[in-house]
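J.: can you look at this prediction? I've put the sequence above it.
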Amino acid sequence: MRWLLRLPALLLAVALCGGGAWAQAPAAPDAAPTVAALRSQLEAIPSSVETSADVRGVVEQLNAISTATDKFIAARTGELNDMNARLGELGNAPAAGTTENPDITRRRAALTRDRNALDANIRLARLVSVDAQQRANDLLNKRRALFEAQLTERAPSPLGREFWEDIADAWSGDVARLERLGAEFESGFEAARSPDNAAPVLGTLAAALLLALLGNWLAERALARFAASYLPPGRLRRSLLVIAIVTTNMVLVGVAAQGAFSVFDNHGVWGPQTRKLAQSVVQSSIFIAFVVGLGRALLSNGRPSWRLPPISDPMAERLAPFPWVMALVAIVVWAPTQINAVVEASFAAVVATHVMTALILTAMIGAMLLRLHGAPVAEPPAAAPPKEAPPGPAPAVVAPEPPKGSLDERPMWVGVLLAAVTLILIGIWVLVATGYVAMASFLASQLTWAGIVAAAFYVLFKFADDLFVAVVSSRSNFGQRLQLSFGLEPRTLDQAAVVLSGLSRVILFFYMVIALATPLGTSPGEVYQRSGKFGGGIKIGEIQLVPSAIISAVTVLVVGFIALRVVKRWLEQQFLPHTGLEPGMQSSITTLLGYVGGILVVAFGLSALGIGIERIAWVASALSVGIGFGLQAIVQNFISGLILLAERPVKVGDWVVLGNAEGDVRRINVRATEIQLGDRSTMIVPNSEFITKTVRNMTLANAEGRVLIRLPMPLTTHATRAREVMLAAFAEHPGVLASPAPSVTLEGVEVGFLIFQAVAYVQSPRLAGGVRSDVLFAMLDGLRAAELPMAAYPGAPPYPGGPPAPATVVPPPPPVLPGMAT
């Protein structure tokens with residue numbers, strides 16, 4: 001998994017640093033090196049170097065030796081483990097005075113000898129690896145010290161006479177060096193003009209120019225047409241188009257430059273110095289193609305609707321020349337630096353080159369700042385002539401929105417950043433004036449490099465966000481397929497897209513910091529090496545956090561929970577409905593499976609992370625202290641939830657009465673139970689309430705509900721006839737069960753009234769209230785039709801068709817006691 005973490009760094013380094021490996025590929029290491037060969041290679045490397053370029057080359061050789069040693073150790077470690085296993089099968093040597101099979105003794109002795117030799121080789125290889133890493137670290141420290149010394153070295157100020165006197169003194173020597181370089185160019189030009197070389201050299205040069213210029217022009221338009229025609233609409237195709245254009249520019253320019261270099265080299269055009277300069281030209285051309293392609297793709301003046309950054313059209317037009325200006329500045333700054341390195345120019349020439357680099361780069365950045373600061377705010381379009389308003393109220397006046405990308409919408413941090421860059425430019429000019437030209441040149445180069453890196457990673461950040469939004473979110477086609485396949489909610493997919501986008505941005509930010517910390521012109525291998533150091537992991541106490549292990553753990557968690565959800569969905573929709581289990585038992589089984597599966601998935605994730613049960617003992621001890629002080633209620637509810645799921649005194653679908661509340665049990669969670677009340681609200685009850693308190697389960701043993709109606713009637717009522725009317729009302733209602741049969745009893749006489757009690761049963765207590773209301777309506781209508789009077793209050797109008805209401809004072813009917821209608 002580690003190579004997956006290093007791959008983005010390697011690709012990014014090839015893009016940003018110019019692809020130096022194209023022009024100078026290192027030799028492939030030995031496929032099966034020995035410890036002696038590795039040691040001899042290490043001893044052949046010089047122990048001291050002078051220049052920074054020499055340090056870089058030696059460090060690359062040491063890293064190659066260290067990598068080969070690690071491969072040797074990894075391959076031999078497996079063999080050593082096999083030998084140890086075979087020796088374990090043979091057992092220990094017999095004690096003194098005992099005998100064993102001679103064949104076993106010989107095999108044990110041979111395995112022991114081979115095992116010891118292999119173990120010794122592994123130990124020697126580890127020493128070689130340690131020595132190589134130590135020497136590489138020492139060289140890098142030395143290079144850092146030299147670099148810091150050069151930065152802090154003060155040279156004569158260009159405002160003083162000494163600076164120009166040094167240039168005048170060194171002028172003759174530098175001119176002589178340049179004449180030798182010019183002589184090599186002349187000899188190479190003469191070799192190219194020879195009859196044998198003229199046709200292939202000119203043809204290669206023309207083909208390279210056509211491929212680099214016309215090829216890029218055609219490829220960019222073909223990519224834009226392809227993206228508009230075949231890629232799905234959305235933000236992803238915009239970022240993909242930018243990446244495709246930049247990559248195509250780099251590839252075509254790199255192929256053209258490398259092809260021309262190879263053809264010229266085969267025809268003897270290059271000399272010793274011009275060859276080095278040509279190799280630098282190949283690398284720099286790829287880098288310049290990257291910068292120009294990135295700038296043009298981001299501004300996208302030919303396709304404003306495809307523009308990735310939120311800038312206005314006038315601003316993009318003002319910035320349109322700067323990709324080409326930056327390419328020209330890169331050539332102007334690069335050429336003297338490379339020529340100085342090739343011809344070994346004087347110190348005065350190097351100082352003058354630093355001054356020129358600092359001034360030219362700061363002038364370019366200052367011009368860009370002036371363009372950004374002086375951009376006019378786009379005026380709103382002129383309003384159309386007013387038309388005759390229709391009759392009615394006048395419409396509300398809406399203020400026009402400010403144009404996109406105007407200075408009014410510029411965030412505050414942009415202004416702070418521009419101010420900081422301005423201060424850095426002023427500081428660079430002060431450093432040049434005071435003679436710290438190396439520091440000024442370095443700051444100017446790093447400021448330019450930071451802008452290029454920021455633009456490149458802006459594209460990568462946008463691409464990562466657009467990729468996961470277009471693939472994982474609920475609005476994408478793949479996200480909708482995930483919803484149908486795994487039953488995921490749209491909100492879950494949107495959250496997953498945001499989380500994955502955030503993780504990818506964190507990883508990209510990590511590599512952006514590495515790229516910003518690398519000096520301009522660093523080789524791809526060094527960025528790869530720096531990223532590899534972080535890929536080795538960070539040790540916190542006894543736990544080693546390795547990025548590859550973190551990715552593995554996240555993958556295990558994601559795959560595990562998806563698989564668990566698929567299994568639960570299959571049980572809920574496919575398997576359990578075809579069994580004889582009741583719905584409550586089915587819900588308990590799936591809930592328990594979810595708890596057990598979740599614990600197993602988390603355990604597997606911790607194992608993939610490298611954290612075993614024995615390593616989290618301190619976590620368990622800390623949790624025990626927390627449980628003792630403040631988590632006992634949570635643990636009690638958790639245990640109570642497990643008891644509810646196991647013993648099932650209350651299950652999903654039961655009608656329970658807990659205190660003054662009653663309703664349906666909708667869900668039993670690990671900590672609390674959800675009860676839906678009669679008013680459709682949900683009450684969250686801790687699980688311990690069902691274990692420690694009295695709970696009335698209306699549907700545990702018998703799911704039937706009872707309907708009870710008490711009616712007071714006058715003493716003169718025909719009791720038998722009233723009973724028949726009530727039973728008829730029960731019989732006519734379809735929700736009343738025939739068995740047990742409804743019954744009507746006469747409880748007695750209370751305050752001069754006959755008290756009738758009617759009882760019937762329905763299929764569920766949830767139906768009792770509605771049935772009782774319907775039957776009561778039917779009874780009242782039946783009694784009125786049968787001319788059977790009901791009890792009336794004093795002063796009430798007489799009952800139609802019946803005797804007048806008694807004149808005595810009648811108290812109100814007794815209230816319905818709890819349990820009369822359940």
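T.: Received it, and whenever you're ready, just let me know what you need. The model shown is predicted, which means the values in this text are computed figures rather than measured ones.

J.: what's the mean pLDDT across the helix or strand containing residue 358?
T.: Assigned by DSSP states H and E, residue 358 falls within helix 347-373. Per-residue pLDDT over helix 347-373 has a mean of 86.

J.: go on, stretch 502-516?
T.: Averaging pLDDT along stretch 502-516 yields 83.

J.: which stretches of the stretch 251-400 of the chain form helices?
T.: Per DSSP state H, counting those that start in this stretch, the stretch 251-400 of the chain carries helices over the ranges 272-299, 313-319, 322-343, 347-373.

J.: residue 41 is nearest to which of the ones you listed?
T.: helix 272-299 (24.8 Å; C-beta to C-beta). Where C-beta positions appear, they are placed from N, C-alpha and C, glycine not excepted.

J.: before we move on, the earlier item: what are the buried residues along the helix holding residue 358?
T.: Neighbour counts over helix 347-373 (16 or more other C-beta atoms under 10 Å) mark 348-362, 364-365, 368, 372 as buried.

J.: domain ranges for this structure?
T.: The record assigns the chain these domain ranges, following automatic domain parsing: 31-93+102-152, 161-374+411-517, 537-612, 646-697, 705-785.

J.: next, format the ones you listed as TSV and append distance to residue 632.
T.: Below are the domains of the chain laid out as TSV (distance: least, C-beta to C-beta, whole Å):
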stretch	distance to residue 632
domain 31-93+102-152	47
domain 161-374+411-517	32
domain 537-612	20
domain 646-697	10
domain 705-785	35
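
J.: so which of the ones you listed gets nearest residue 635?
T.: domain 646-697 (9.9 Å).

J.: so which elements touch the biggest helix by length in the chain?
T.: Ranked by residue count, the top helix of the chain under DSSP state H comes out as helix 102-152. Helix 102-152 sits against helix 35-44, helix 52-90, helix 437-471, with contacts defined as 3 or more C-beta pairs under 8 Å, 6 or more residues apart in numbering; DSSP states H and E.

J.: how far does whichever helix or strand comes after it sit from its chain's centre?
T.: Next helix or strand after helix 102-152 toward the C-terminus (DSSP H and E): helix 161-193. In this view, helix 161-193 has its centroid 54 Å away from the chain centroid, taken as C-alpha atoms, centre = their mean, to the nearest Å.

J.: quick check: mean pLDDT of helix 161-193?
T.: Helix 161-193 comes out at a mean pLDDT of 85.

J.: next SSE after that helix?
T.: As assigned by DSSP H and E, the chain's next helix or strand after helix 161-193 is helix 195-209.

J.: between the following helix or strand past that next one and helix 195-209, how many degrees?
T.: Later in the chain than helix 195-209, the nearest helix or strand by DSSP H and E is helix 215-230. Following axes from the mean of the first three to the mean of the last three C-alpha atoms, to 10 degrees, one obtains 30 degrees for the angle between helix 215-230 and helix 195-209.

J.: show me where pLDDT drops low in the stretch 451-600 of the chain?
T.: 487, 518-548, 580, 582, 584-585, 588 (pLDDT under 70).

J.: out of the domains of the chain, which is closest to residue 638?
T.: Between residue 638 and the domains of the chain, the shortest separation by C-beta to C-beta is 5.7 Å, and it involves domain 646-697.

J.: just to revisit the earlier point, deepest of the helices and strands packed on helix 102-152, which one?
T.: Scoring the helices and strands packed on helix 102-152 by mean neighbour count under mean count of other C-beta atoms under 10 Å gives helix 437-471 as the most buried, with a mean of 20.

J.: next, the angle helix 102-152 makes with that one.
T.: 120 degrees.

J.: can you list the buried residues in the helix or strand just after helix 437-471?
T.: Once the chain leaves helix 437-471, the next helix or strand it forms, by DSSP H and E, is helix 477-486. Neighbour-count burial for helix 477-486, with 16+ other C-beta under 10 Å as criterion, is recorded at 479, 482.

J.: counting by contacts, list what the next helix or strand after helix 477-486 packs against.
T.: Counting by DSSP H and E, the next helix or strand C-terminal to helix 477-486 is helix 490-517. When contacts are defined as 3+ C-beta pairs under 8 Å, 6+ apart, helix 490-517 sits against helix 2-17, helix 437-471, helix 477-486, helix 524-535.

J.: let's see that with 6 Å instead.
T.: Counting contacts by 3 or more C-beta pairs under 6 Å, 6 or more residues apart in numbering; DSSP states H and E, helix 490-517 packs against helix 2-17, helix 437-471.

J.: report the buried residues of it.
T.: By 16+ other C-beta under 10 Å, the buried positions in helix 490-517 come out as 492-494, 496-497, 500-501, 504-505, 507-508, 510-512, 514-515.

J.: so which of the residues you listed comes closest to residue 340?
T.: Minimum distance to residue 340 across the buried residues of helix 490-517 is 25.8 Å, recorded for residue 515 (C-beta to C-beta).

J.: this completes my enquiry, with thanks.
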